[in-house]
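Enquirer: 3D, please:
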Amino acid sequence: MKSSKFLLGILAFILALSIANASVYDIKMDIFPFNPDNDELVLNEDEEFLVFGYIYINDDTQALKTSELKIQVLDDEGNLVATYSPTYIGPSDDYVFDGYFYKTIDISDEGEYVVRVKIGDLAKEFKVVKVEDMGDKELQLNLLDYSINNNILKIGIRIENKDTQNHEVKIYLKGEKNFENPETVKIEVPANDVKTKEVELPVDEFGESNFLIAAQAYSDGLISNPSYLSVSGLKEDKTYHKEDIEIVDVSLEKSTIFPGEIVEGTALIKNKGTSLVQYQFEYVYDNNVFKKGHTSCVQPGETKEEKFLLEIPDKSNIEVTFKAYNELTYYELKKSFIISQREKNFLFSINKYNDEINAGESKEYKIKIYNIGNMDDVYKISTSGWEHIKINSTLVSLNASKSIEIPLILTVPNETRVGGYQLNVTVCNTENKCVTKTLNFNVLKPEEEQVVISWDIQPEVNFSNLEPIEFKFNITNIGAEQKTYTIEIVPEAGLNYTMENETITLDVDETKEITFNLIPTNETNYTAFVVISVNGEDVFTKEITLTYKEEENEFGITGMFITEVKDVYVPGLIALAIIGIAVLIYFGYKHFSQIVWREKVLEYTRKHPQDLTRYRNTY
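Expert: Purely as a prediction, here's the structure:
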């Protein structure tokens, strides 16, 4: 910042111009709001302040046109920042005579500024305005209406205290005659409350027929916004209401607005009075004033729509001031609109992240995508880690703030091993933002499907002597973890066996050969069962039948009896028949007993596959 010496230089220059033109006009001006403790003018960025004052002409023949009356703002280096045309109220609409002027303006950047009034070549007076971040206004002031009765000026005042503390609020009221010593009114306002009060003051302390009443409120360092009433054409016993018309609502055609857009809006103007009201409508933002070109009318008790357009700037919000007014009534409403930055964003979920599924089965899961951005978007769905997947559509479109659910079918083939697997689901939007979620699932199988028995043993084996008979087979663990297997031989009575290991432990994919011997004790037929189990659950059962077959001799039985065909043929045949019948009876009985035993074992195996030992030695 430059020192205030430069500002004093500007003052000296302006004073020099003032002396040269003093015979034409006299001007007095002020700015609200100010700090009564130190007379500083400190404002927030983009906060409106009121520049107002009175102008007096000394020579009517040199009156200048009203278009030459300007309010200028200069920075601390003397550069012109902005020029405004104030509202001028006087005896003529075209030329500046005795009258008053006012204008609400704002400054968007921090710093120190000079405000001056200029008419023609005359620049008169200035104020130094300091703009910085002061926080939100805790006091809100409105002058509501006024009336005159018996030379008493009645003014309606509304004050809102947004602070958390109670305040005794002092309100400063400045007119033409009390310009140097404003009237003050005190109102007690509780925390977070609103008070309305009508005050009575002598009208001749403010002005005569046409004057401006400017006001501000102050309490314990809190400074309100400025407010004002334009008093003109005073008549006895008539109340002039500032709020005969009211801007009851302002809305935009879109709920979400973005930088660079031109958005249409609607302001609703209501006539709260009892007669037709004609008014002007205007709105102000970013130091630009947009004024409707003609006067609008609204009937008492009715509402009228006023359309407007906003060009949305590239910042976080836009504050617009809407105004509806005429000579006797005035209403102002400030509205702030949040400006959204264009954003594409999303979330997605899977209805399950951990699950179990049997081999040979399929399961359906749900993918849900949420568009949490403020723009429509397209999403691509891809998977990895598991190939047996079906998704009806891998490209989906979604409007802003909407969601969609997509089914995903996962299939586990029969040959899949038990164990843990992963399915990765990835969703990407058009800006290549990708999110991946993982479904962990365990594949389940019965124990009998987790082992491979390489069994090449014939179901029927012949033997002709009582020597041990050797058998071999392989066991392979195709499960997902180490397993312990129990091998049990269940022989028929009279059939013994030997086996090295009845219990073996196998790691995943490990194979071991099993050897056992069956030892018959009689020259007869036998049956044995081989049962393999894991954790008490049978996973394999096989039946082995041993059939005894006597070794054949070179000589037949008939040779013992038929030596001479002629003499002994008949007796030999009789003897042979007797022996044959005896043999058939013996073997028939044995075979019937074997059938009965085998049927019992098989029937019990079907009903109780885990307990074959009951039939050991039952025959």
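Enquirer: skipping its backbone neighbours, what lies nearest the most centrally placed residue in the chain in space?
Expert: In the chain, the C-alpha nearest the mean C-alpha coordinate belongs to residue 372, at 4.7 Å (Cα atoms, centre = their mean). Once flanking residues are discounted, residue 372 sits nearest to residue 345: 5.1 Å by Cβ to Cβ, 6 or more residues apart in numbering. In this view, the C-beta of every residue, glycine as well, is placed from N, C-alpha and C.
Enquirer: okay, now the one you found: neighbour count?
Expert: Neighbour count of residue 345, defined by other Cβ atoms under 10 Å: 15.
Enquirer: these two touch, right, it and residue 369?
Expert: No. Look at residue 345 against residue 369 with Cβ atoms under 8 Å: they stay out of range, at 11.5 Å.
Enquirer: return the helix or strand in the protein with minimum mean pLDDT.
Expert: Least confident helix or strand, the chain: helix 4-20 with a mean of 46, by mean pLDDT, DSSP states H and E.
Enquirer: before we move on, back to that, and the residue nearest to residue 372, what is it in contact with?
Expert: Neighbouring residues of residue 345 by Cβ atoms under 8 Å, 6 or more residues apart in numbering: 371, 372, 373, 433.
Enquirer: got a markdown table for these, with pLDDT, secondary structure and distance to residue 117 too?
Expert: Converted to a markdown table, the contacts of residue 345 look like this (pLDDT from 0 to 100; DSSP: H, G, I helix; E, B strand; the rest coil; distance: Cβ to Cβ, whole Å):
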| residue | pLDDT | secondary structure | distance to residue 117 |
| --- | --- | --- | --- |
| 371 | 95 | strand | 55 |
| 372 | 92 | coil | 53 |
| 373 | 88 | coil | 50 |
| 433 | 94 | coil | 56 |
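Enquirer: which ones are touching the residue nearest to the centre of the chain?
Expert: 345, 346, 347, 401.
Enquirer: now, the most widely separated pair of the residues you listed?
Expert: Longest distance between any two of these is 12.0 Å, between 347 and 401; criterion Cβ to Cβ.
Enquirer: mind checking the SS state of residue 61?
Expert: Recorded secondary structure, residue 61: helix (DSSP: H, G, I helix; E, B strand; the rest coil).
Enquirer: quick one: neighbours of it, just the number.
Expert: Counted with other Cβ under 10 Å, residue 61 comes out at 6.
Enquirer: all strands of the stretch 151-300 of the chain, in order?
Expert: For the stretch 151-300 of the chain, the strands defined by DSSP state E, counting those that start in this stretch occupy 152-161, 167-174, 183-189, 193-202, 211-219, 222-223, 227-231, 238-241, 245-252, 262-271, 277-285, 288-291, 296-298.
Enquirer: right, and the ones you listed - which one's nearest residue 492?
Expert: Nearest of these to residue 492, taken as Cβ to Cβ: strand 245-252 at 95.4 Å.
Enquirer: by contact count, what packs against the closest one?
Expert: With contacts taken as 3 or more Cβ pairs under 8 Å, 6 or more residues apart in numbering; DSSP states H and E, strand 245-252 sits against strand 262-271, strand 317-325, strand 330-338.
Enquirer: partners of the last one in the sheet?
Expert: Which is strand 330-338. Strand 330-338 sits in its sheet next to strand 317-325 (antiparallel), going by DSSP bridges.
Enquirer: and the angle from the partner strand to strand 245-252?
Expert: Per axes from the mean of the first three to the mean of the last three Cα atoms, to 10 degrees, the angle that strand 317-325 makes with strand 245-252 is 150 degrees.
Enquirer: and strand 317-325, what's buried?
Expert: Neighbour counts over strand 317-325 (16 or more other Cβ atoms under 10 Å) mark 318, 320, 321, 322, 323, 324, 325 as buried.
Enquirer: now pLDDT and distance to residue 359 too, for the residues you listed, in a markdown table please.
Expert: Listed next are the buried residues of strand 317-325 as a markdown table, based on pLDDT from 0 to 100; distance: Cβ to Cβ, whole Å:
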| residue | pLDDT | distance to residue 359 |
| --- | --- | --- |
| 318 | 93 | 62 |
| 320 | 95 | 67 |
| 321 | 93 | 72 |
| 322 | 94 | 71 |
| 323 | 90 | 76 |
| 324 | 89 | 77 |
| 325 | 83 | 81 |
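Enquirer: residue 198: which of those residues is nearest?
Expert: Using Cβ to Cβ, residue 325 comes nearest to residue 198 of the buried residues of strand 317-325, at 21.9 Å.
Enquirer: OK, contacts around the closest one?
Expert: 245, 279, 280, 331.
Enquirer: what's the separation between the first one and residue 307?
Expert: Computed with Cβ to Cβ, to the nearest Å, the distance linking residue 245 and residue 307 is 17 Å.
Enquirer: of the two, who's got more company?
Expert: residue 245 (25 against 11).
Enquirer: per-residue confidence for the more buried one?
Expert: If you check residue 245, the pLDDT there is 85.
Enquirer: i'd like the first residue to be 46 from this point on
Expert: In the new count, where the first residue is 46, that last one comes out as residue 290.
Enquirer: tell me where the model's unsure across the stretch 496-645 of the chain.
Expert: 597-620, 622, 625, 627-645 (pLDDT under 70).
Enquirer: that one: strands as residue ranges?
Expert: Using DSSP E, counting those that start in this stretch, strands in the stretch 496-645 of the chain cover 496-499, 505-508, 514-522, 528-536, 540-544, 548-551, 556-565, 571-579, 582-593.
Enquirer: out of the strands of the stretch 196-345 of the chain, which comes closest to residue 93?
Expert: Smallest distance to residue 93 across the strands of the stretch 196-345 of the chain (Cβ to Cβ): 8.5 Å, for strand 322-330.
Enquirer: tell me how far the closest one lies from the chain's centre.
Expert: 40 Å (Cα atoms, centre = their mean, to the nearest Å).
Enquirer: go on, stretch 525-535?
Expert: Taking Cα atoms, centre = their mean, one finds stretch 525-535 lying 54 Å from the centre of the chain it belongs to.
Enquirer: then stretch 405-412?
Expert: With Cα atoms, centre = their mean, you get 27 Å for stretch 405-412.
Enquirer: contacting residues around residue 315?
Expert: Contacts of residue 315 by Cβ under 8 Å, 6+ apart are 290, 291, 292, 293, 343, 347, 348, 349.
Enquirer: please report how far the first one lies from residue 488.
Expert: Put plainly, it is residue 290. On the measure of Cβ to Cβ, residue 290 and residue 488 end up 76 Å apart.
Enquirer: and the last one, by the same measure?
Expert: Computed with Cβ to Cβ, the distance linking residue 349 and residue 488 is 72 Å.
Enquirer: give the buried residues for stretch 87-94.
Expert: For stretch 87-94, by 16+ other Cβ under 10 Å, it's 88, 89, 92, 93, 94.
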